[in-house]
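Participant: Give me a model of this one.
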Amino acid sequence: MNIQIFAVTIVAAATLISGCSGSGTDMNGMNTQGQPAQVSGKVADGYLVSAVVFLDRNGNYQLDVDEPSTTTDASGTYTLNVTATDIGKYPIVAMAIKGQTVDKDTNQAVANSYLLSMPASAVSGTISSNFISPMSTLIREKMAANPSMTLTDAMTQLRNQMNLPTGTNMMADYVSGSQSGANMVQFQNMHTTAQQMVGLMAGQAALVMNGTGVYMNRYHSMMASINSNMPGIAANAMNGQSMSSTFMTTMMSQIQTQLGVMPMGGGFANYSGMFRNMTSHNSFWSNTGTPMTPMSGGMMR
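Facilitator: Residues are numbered from 1 along each chain as shown. Next up, the predicted model:
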């Protein structure tokens, strides 16, 4: 696969949208028959500059010509012009594009493309409240695989998997939160874990990304594997081990083998068994077989 094609295609699509003035839409791709509104937030594992962000109205993880889109600015911030009735109805997707998107953690362009998102029910019209990250991405995948799982359930499950204090806001801007405050250490742990989640996601680019988005079954399978191994990923990151640790290199290899035998096409396969709802459990089992109990602590804000 030629990954370079991906960046060209996305930029071309964004240009097409910005110039579109077809029936029922304005130059921003907004439905003029509804009340206009804005959705703002940031994109990160570290803040991502020049990432493509769009409202995914049909849930296909790719930018279509009738979907509002934008690119993040120098601080990783985006603002989408949408219809008010769309807020909370559709998920938001962010594309980090090889050679174009800059990760402010390193101030370098990303070496491989990858996709992040946030669930529709978490999208708010409150300015700068819509933080898109590997955490929000996994929360969306949990909910997509288990339609009965609520946003609160999915956030609690991820918090438990990472052994973070009760009340930790898994949708919060952990980059800003890691700079200071009483909860700084918890947010730093979220940040380092997010970096390693992105390392796994970007490492599958040749198998998961296509010219305009992702191969959906492969993407869901990759995220299911990350979900199943979240306790180990979090422990690896929080214990100061890198992407070259035995655990992470083994996991990377296993995911690549798994994806390599999967067809590119197909709809949403059933991965609910890999996204079991563990929110009623007081503890969970890590990939090493060690029981881990969620830490106690105050509410994160």
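
Participant: Stretch 57-77: which residues count as buried?
Facilitator: Going by neighbour count (16 or more other CB atoms under 10 Å), the buried part of stretch 57-77 is 57, 61-64, 67-72, 76-77. C-beta coordinates here come from the backbone N, C-alpha and C atoms, glycine included.

Participant: Also stretch 237-250?
Facilitator: Of the residues in stretch 237-250, those buried (16+ other CB under 10 Å) are 237-238, 243, 245, 247-248.

Participant: the strands in the stretch 151-300 of the chain, which residues?
Facilitator: All strands of the stretch 151-300 of the chain, identified by DSSP state E, counting those that start in this stretch, fall at 284-285, 291-292.

Participant: Pass me the low-pLDDT residue ranges in the stretch 151-300 of the chain, would you?
Facilitator: Counting by pLDDT under 70, the stretch 151-300 of the chain contains low-confidence ranges at 265-300.

Participant: swap the cut-off to 80 and go again
Facilitator: 211, 264-300 (pLDDT under 80).

Participant: the helices in it, which residues?
Facilitator: Along the stretch 151-300 of the chain, counting by DSSP state H, counting those that start in this stretch, helices occupy 151-161, 174-177, 184-202, 205-208, 216-228, 230-238, 246-260.

Participant: quick one: buried residues of the longest one?
Facilitator: Neighbour-count burial for helix 184-202, with 16+ other CB under 10 Å as criterion, is recorded at 186-202.

Participant: centre of the chain versus that helix, how much separation?
Facilitator: Here the centre of helix 184-202 is set off from its chain's centre by 12 Å, with CA atoms, centre = their mean, to the nearest Å.

Participant: got it, and stretch 230-241?
Facilitator: Per CA atoms, centre = their mean, the centroid offset for stretch 230-241 relative to its chain is 18 Å.

Participant: now do stretch 201-221
Facilitator: 13 Å.

Participant: cool, stretch 164-178 as well?
Facilitator: Per CA atoms, centre = their mean, the centroid offset for stretch 164-178 relative to its chain is 15 Å.

Participant: what's the closest of the buried residues of stretch 237-250 to Ser121?
Facilitator: Ala237 (27.2 Å; CB to CB).

Participant: got the domain boundaries for the protein?
Facilitator: 1-131, 133-301 (automatic domain parsing).

Participant: In CSV, list the buried residues of stretch 237-250 along with distance to Asn163.
Facilitator: As requested, the buried residues of stretch 237-250 are exported to CSV (distance: CB to CB, whole Å):
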residue, distance to Asn163
Ala237, 12
Met238, 8
Met243, 20
Ser245, 18
Phe247, 16
Met248, 18
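
Participant: Any idea which of the helices of the stretch 151-300 of the chain gets closest to Gln38?
Facilitator: Going by CB to CB, the one of the helices of the stretch 151-300 of the chain nearest Gln38 is helix 174-177, 20.3 Å.

Participant: List the ones among the buried residues of stretch 57-77 that fall in strands.
Facilitator: Assignment to strands by DSSP state E places the following of these there: 69-71, 77.

Participant: Quick check: of those residues, which lies closest to Val53?
Facilitator: Taking those together and measuring to Val53 by CB to CB, the closest member is Thr70, at 5.5 Å.

Participant: The closest one contacts Ala51, correct?
Facilitator: No. Contact criterion CB atoms under 8 Å: Thr70 and Ala51 do not qualify, at 9.6 Å.

Participant: State the helix or strand in which Ser40 lies.
Facilitator: strand 36-42 (DSSP states H and E).

Participant: Now do the SS call for Ser117.
Facilitator: Here Ser117 is recorded as strand under DSSP: H, G, I helix; E, B strand; the rest coil.

Participant: Overlap in contacts, Thr70 and Ala51.
Facilitator: Tyr78 (CB atoms under 8 Å, 6 or more residues apart in numbering).

Participant: any idea how far Ala144 is from Ser117?
Facilitator: 10 Å (CB to CB, to the nearest Å).

Participant: between those two, who's got more neighbours?
Facilitator: Neighbours were counted for Ala144 and for Ser117 using other CB atoms under 10 Å; Ser117 has more, 25 against 20.

Participant: I figured that one hits Ala96, correct?
Facilitator: No. Between Ser117 and Ala96 there is no contact under CB under 8 Å: 11.7 Å.

Participant: Alright, calling it a day.
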